[in-house]
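Novice: mind folding the following:
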Amino acid sequence: MKNQLLMILFVFVGSVMYTPATAQSLSVTEIEQSIKAEGQYAILISNARYFQAAVRTGQTLVAKNPELNFDIVLIGPVVKDLAKDESLKPSIEVSEKTGIRLVVCEAAMQHFELKQSDYHHSIQFTPDGFIYLFGLQESGYKTLTL
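Specialist: Okay, the predicted model is just below:
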């Protein structure tokens with residue numbers, strides 16, 4: 001009798017707790033195509049290598065979705081690189097041509113003793129890159145930090 005009760009208990013508990021597992025069925029292509037045509041995206045960058053990758057990503061997304069907003073917020077060492085490294089000029093020009101907004105943190109500029117006149121004319125400025133990113137998040141932007 002005891003064994004029968006245990007068996008019934010196991011069957012009952014097993015049937016109640018059993019839920020079929022379902023794997024994610026979206027393909028990589030389907031996920032990539034879920035980017036909204038009027039989406040708002042921003043990346044916070046602190047180094048030149050990530051800056052160039054972010055520009056390429058923004059260029060690809062904006063080419064597919066011209067109504068998309070894409071911001072790159074620059075903090076840390078890349079702020080100095082953007083002002084001094086001529087090899088980054090093509091990426092800056094691609095950003096301008098594509099409509100990608102580049103926003104440089106003035107606090108980082110002060111740290112590196114730079115002025116707005118040290119930058120390409122298309123670059124915009126914010127007193128604090130972190131606060132600007134928080135504002136983007138509050139405005140509905142999806143953000144990423146590298």
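Novice: where in this structure is pLDDT low?
Specialist: 1-24 (pLDDT under 70).
Novice: in the chain, which spans are helices?
Specialist: Assigned by DSSP state H, the chain shows helices spanning 2-17, 28-32, 48-64, 77-84, 89-98, 106-111, 129-138.
Novice: report the buried residues of the longest one.
Specialist: So the one you mean is helix 48-64. Within helix 48-64, the residues that count as buried by 16 or more other CB atoms under 10 Å are Ala48, Tyr50, Phe51, Gln52, Ala54, Val55, Thr57, Gly58, Gln59, Leu61, Val62. Every residue, glycine included, has its C-beta placed from N, CA and C.
Novice: what's it packed up against?
Specialist: With contacts defined as 3 or more CB pairs under 8 Å, 6 or more residues apart in numbering; DSSP states H and E, the packing partners of helix 48-64 are strand 40-45, strand 69-74, helix 77-84, helix 89-98.
Novice: Ser122 is nearest to which of those?
Specialist: Evaluated over these, closeness to Ser122 peaks at helix 89-98, with 4.0 Å, by CB to CB.
Novice: who are the packing partners of the closest one?
Specialist: The contact analysis (3+ CB pairs under 8 Å, 6+ apart) places helix 89-98 against helix 48-64, strand 101-105.
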